[in-house]
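J.: Based on what follows, work out the 3D shape:
(one chain, ligands or ions: 2)
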Amino acid sequence: MSDALNIFDLEKLAKENLPPTAYDYYSSGAWDEVTLRENCNAFNRIQVHYKVMVDVSKRDLTTTVLGQKVSMPILLAPTAFHKLAHPDGEVATVRAAGASNTIMTLSSLSTTKVEEVTAAAKSPVWFQLYINKDRGFTRDLVARVKAAGCKALMLTVDTPEWGRRERDVRNCFHLPPGLSAINLIPSNERGEFIGQHGAGMGQAFTWMLDPSLTWKDVEWLRSITDLPIIVKGVCRPDDAELAIQHGVSAVLVSNHGARQMDTAPATIEVLPAIAEQVAGRVPVLLDGGIRRGLDVFKALALGATAVQIGRPVLWGLANGGQQGVQTALELLRKELDLAMALAGCPDIASIKRDFVKVPNRHF
Ligand SMILES: Cc1cc2nc3c(=O)[nH]c(=O)nc-3n(C[C@H](O)[C@H](O)[C@H](O)COP(=O)(O)O)c2cc1C
Ligand SMILES: CC(C)CC(=O)C(=O)O
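T.: Ligands and ions are numbered 1, 2, ... in the order given. The predicted model follows:
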């Protein structure tokens, strides 16, 4: 058990526990890391205009996302390589998600087989997908994750190329022996353990991206699966509109945790315009910079159905595996619960737009 009072404490402890190259890999953002700082800072500029004299003696944080009931509107974002943080890797993470009764999205780049993860799951697992240049490989992977029991596909669309994370390049970051992106191995023609030879991880994984992707490929994906598709990485209202026109089941406002385009706006700043554009036709989710339950409250007020957390899960994982991830989730749950009480919101539906004021709106 850790003595962490909050996610920032958990990060400090994780930094002490992790090899410096792994900490850098998890924590870094692209280029000058402007967006990395902004994702968090932008939340602090939003004011909460709370109500008083509302009965908040009973509070209900439950909600439903894509038909799946969760105990709180906080989901686990897909992040690569959990075994770098703890030997139990993604199995520890999915067990924590189950214990907290929320959804985990498994990264394409997980260090544990999808079947092992879903076998350990007590709550729904979604699968994050990159469409490979080799569409046959993607088709097989989609069939495999559906057979394994994954309930939705989260298609990442902000990655025609890897963003440049200079800390990784400097560290010549690569996976240690014994770890690999194990779900992708059958397609690795060289027969190597993917990622072990990379100088800066991006190079080792470039083969799995397709920079020619367009919205037509979302239609193709829909044609090969009946799983709901969540499109991850949208930061503009017009792209959200196109996503809906191409039949997605949900839009996830994300800048990949500031690891792709630097100086992109903080996700919370573009959320209001995107939520207005979507106008309730599909759920809007958000990730990037959520470090407090209060941040979750703000995202919901600005139109998100739920949020995802990326790095906070990894900081938890590096502090005792499953127990540490549960600590991260429960810290955020308690903070959201308290924020709702202080704002005069007994349940998720009562968190409305007029509880927050945003200083400057994009678009
Ligand atoms: C170490 C790390 C690995 C990630 N791996 C993936 C990935 O494999 N696929 C993906 O779509 N997004 C990936 N992301 C982005 C997350 O899904 C999410 O968008 C981001 O972490 C949210 O921001 P936060 O870390 O500030 O919560 C990764 C992020 C981090 C920090
Ligand atoms: C192979 C890695 C570059 C994956 C990753 O770190 C990411 O998706 O952000």
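J.: what ranges do the helices span in the stretch 151-300 of the chain?
T.: Listed in chain order, the helices of the stretch 151-300 of the chain (DSSP state H, counting those that start in this stretch) span 166-171, 201-205, 215-224, 237-245, 267-278, 293-301.
J.: For residue 104, list the residues it contacts.
T.: Residue 104 makes contacts with 75, 76, 93, 94, 97, 117, 121, 123, 125, 126, as judged by CB atoms under 8 Å, 6 or more residues apart in numbering. For the C-beta atoms, the positions are set from N, CA and C on the backbone; glycine is no exception.
J.: May I ask which two of the residues you listed are separated the most?
T.: Greatest spatial distance in the contacts of residue 104: 75 and 117, 15.1 Å, computed using CB to CB.
J.: that older thread, return the most buried member of the helices of the stretch 151-300 of the chain.
T.: When neighbours are counted by mean count of other CB atoms under 10 Å, the highest per-stretch mean among the helices of the stretch 151-300 of the chain falls to helix 293-301, a mean of 26.
J.: ok now the helix or strand that comes right after it, how far from the chain's centre?
T.: The first helix or strand that comes after helix 293-301 along the chain, using DSSP states H and E, is strand 306-309. Mean C-alpha position of strand 306-309 versus that of the full chain (CA atoms, centre = their mean, to the nearest Å) differs by 7 Å.
J.: again with stretch 321-330
T.: Going by CA atoms, centre = their mean, where stretch 321-330 is centred and where its chain is centred differ by 16 Å.
J.: How about stretch 42-58?
T.: In terms of CA atoms, centre = their mean, the centre of stretch 42-58 is set 25 Å apart from its chain centre.
J.: Run the contact check for that stretch versus ligand 1.
T.: No. Contact of stretch 42-58 with ligand 1 is not found when judged by CB under 6 Å from any ligand atom; the minimum separation is 10.6 Å.
J.: buried stuff in that stretch?
T.: If you call a residue buried by 16 or more other CB atoms under 10 Å, then stretch 42-58 has these buried ones: 42, 43, 46, 50, 56.
J.: Can you tell me the element the second one falls in?
T.: In this case it means residue 43. helix 34-44.
J.: so how far is residue 58 from the residue nearest the centre of the chain?
T.: Central residue check for the chain by CA atoms, centre = their mean: the C-alpha nearest the mean position is that of residue 77, 2.3 Å away. Taken as CB to CB, to the nearest Å, the spacing of residue 77 relative to residue 58 amounts to 30 Å.
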